[in-house]
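Peer 1: Just the structure for this:
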Amino acid sequence: MLQVKDLMSGAVDAVAPDARLHDVLSAMNRAGYRHLPVVANDTLVGIITDRDVRLAVNSPVVDKDTNPIREDILDGVRVDECMTRDPQCVSSDMAACEVADLLALNKFGAMPVVDDGRLVGMISTVDYLKHYAANG
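Peer 2: Numbering: from 1, shown residues only. Predicted coordinates:
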C-alpha cells in the first residue's frame, strides 16, 4: 500500500511566525512552493500559502491607498497575521489514498506531514501528479 512517505517532499523550507511576507514570497519563488509551513521552536504552528499572501495584501491589514506590489507593504505584514494556525496534518505512514481524499475534500493544495510532533515534510497535489505521471 502506497503511503505518504512514498510521495511527500521531505526537506522543505519553513518560515517563522515573525517573518515578513517579503521573505515568504522570496522563499516560495526560490523553491517553487505555493505553501510553506510556519515553525516556532521546532513546532509547526501554521501554514502560509500564496493565497494567504494575496488576501493579506488586499485586506484591511494593508492601507488601500498604497500600491500592493511595493516591497514596503510586504515587509510590513508578518506571517502570523495571515497564516492558517494549527493546520490539519497527516503522518508519513498514512495511506496515500486517505490523504488524497483529505486534500480533495478540503480543497487543500498541500498538507504538513508530522511524525511524533515533528514536521517531516509536506504532501501536495503535485506530489500525486508526479507519482501518477511516472507510474501511469
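Peer 1: Run through the residues that contact K5.
Peer 2: S92, D93, V113, G121 (Cβ atoms under 8 Å, 6 or more residues apart in numbering). Every C-beta, even on glycine, is put in place using the N, C-alpha and C of the backbone.
Peer 1: Show me which pair in those is furthest apart.
Peer 2: Greatest spatial distance in the contacts of K5: D93 and G121, 12.3 Å, computed using Cβ to Cβ.
Peer 1: Past the helix-or-strand element of the chain with minimal mean pLDDT, which element shows up next along the chain?
Peer 2: Every helix and strand of the chain was ranked by mean pLDDT, DSSP states H and E. The lowest is helix 71-75, at a mean of 73. Counting by DSSP states H and E, the next helix or strand C-terminal to helix 71-75 is strand 84-85.
Peer 1: all strands of this structure, in order?
Peer 2: 35-40, 43-49, 84-85, 110-115, 118-124 (DSSP state E).
Peer 1: Quick check: which ranges of this structure have low pLDDT?
Peer 2: 59-72 (pLDDT under 70).
Peer 1: centroid residue for it?
Peer 2: By Cα atoms, centre = their mean, the chain has its centre lying nearest to H35, at 2.6 Å.
Peer 1: Show me what the closest residue to it other than its chain neighbours is bridged to.
Peer 2: Counting by Cβ to Cβ, 6 or more residues apart in numbering, H35 lies nearest to A110, which is 4.2 Å off, once chain neighbours are set aside. Taking DSSP bridges as the rule, A110 bridges to S124.
Peer 1: Enumerate every residue touching A110.
Peer 2: Counted by Cβ under 8 Å, 6+ apart, A110 has contacts R34, H35, I47, L103, M122, I123, S124, T125, V126.
Peer 1: now do 6 Å
Peer 2: By Cβ atoms under 6 Å, 6 or more residues apart in numbering, the residues touching A110 are H35, M122, S124.
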